[in-house]
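Here's a sequence, model it:
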Amino acid sequence: MPRKPRIEYEGAFYHVITRGNQRQQIFRDAADFQKYHQFLTIYKNRTRCRVYAYALMNNHVHLLLETADVPLSRIMQGLNQTYTMFFNRKYRTVGHLFQGRYKAILCDRVAYLLGLIKYIHHNPVRAKAAQSPDDYIWTSHHAYTGKNNPLGLTVPLRSRSWAATVPTSAMIVSSELSIIRHPLISYYACYHFCQEAAVGALTGC
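Sure thing, here's the model as predicted:
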């Protein structure tokens with residue numbers, strides 16, 4: 001069965017998840033995390049996309065971003081291929097590092113921005129890699145708390161003030177998870193709607 005096409009247009013807002021092939025580790029030490037972070041910064045600047053949040057886990061990555069004129073497929077292809085080349089050279093391995101096609105969900109930024117940021121920043125807590133988002137350094141949580149923002153994330157003012165009032169130990173309840181995992185707009189459920197949105201973004205209609 002042929003793959004369904006990606007929906008891509010300028011200003012599209014995505015929650016992207018990319019996993020290691022067969023769920024293998026894609027980061028083996030701190031230097032690996034730092035290198036991916038470096039490549040993410042390069043591609044963010046090169047493609048002029050806006051990165052709102054990220055979480056780098058041992059075997060997968062979460063990204064929350066908004067594209068400019070470069071489509072998501074080109075951003076992810078460049079980012080993942082560049083990191084794979086680094087990883088294979090370092091560890092003397094060959095073949096694919098990432099699992100097939102990355103997962104990307106087209107979302108309504110106005111409705112889901114804060115919920116998705118919270119969901120991504122709590123990923124290490126749900127994975128039992130940390131007791132709170134403050135304890136895990138490889139997410140954008142620290143940019144929102146004003147501690148560190150080396151990637152130059154786009155941190156909306158309302159998100160910054162919101163983050164300051166949310167306890168770092170606060171977990172996401174099941175009702176929030178069900179909403180975040182099934183956003184308003186998805187590639188497949190709203191394909192024709194997104195086609196119209198893409199045309200509107202290009203024509204101004």
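
Backbone dihedrals for the closest residue to Glu66 other than its chain neighbours, please?
Distance criterion Cβ to Cβ, 6 or more residues apart in numbering; nearest residue to Glu66, sequence neighbours excluded, is Arg50 at 4.3 Å. In this view, the C-beta of every residue, glycine as well, is placed from N, C-alpha and C. Backbone geometry at Arg50, expressed as degrees, to the nearest 10, gives phi -100, psi 120.

Make sure Val61 is actually in contact with Asp32.
No - between Val61 and Asp32 there is no contact under Cβ atoms under 8 Å: 11.6 Å.

Kindly state the beta-bridge partners for Ala55.
His62, Thr139 (DSSP bridges).

ok, it - contacts?
Ala55 makes contact with 61-62, 120-121, 123-124, 138-140, according to Cβ atoms under 8 Å, 6 or more residues apart in numbering.

if you set the cut-off to 6 Å instead, what comes out?
For Ala55, the contact set (Cβ atoms under 6 Å, 6 or more residues apart in numbering) comprises 62, 120, 123, 139.

So which of Val61 and Asp32 has more stuff around it?
For Val61 versus Asp32, neighbours defined as other Cβ atoms under 10 Å are more numerous around Val61 (24 against 19).

For the protein, which segments are assigned as helices?
Counting by DSSP state H, the chain has helices at residues 30-47, 72-91, 109-121, 123-126, 141-144, 157-165, 174-180, 191-203.

And Gln99, how far from Arg19?
From Gln99 across to Arg19, the span is 4 Å (Cβ to Cβ, to the nearest Å).
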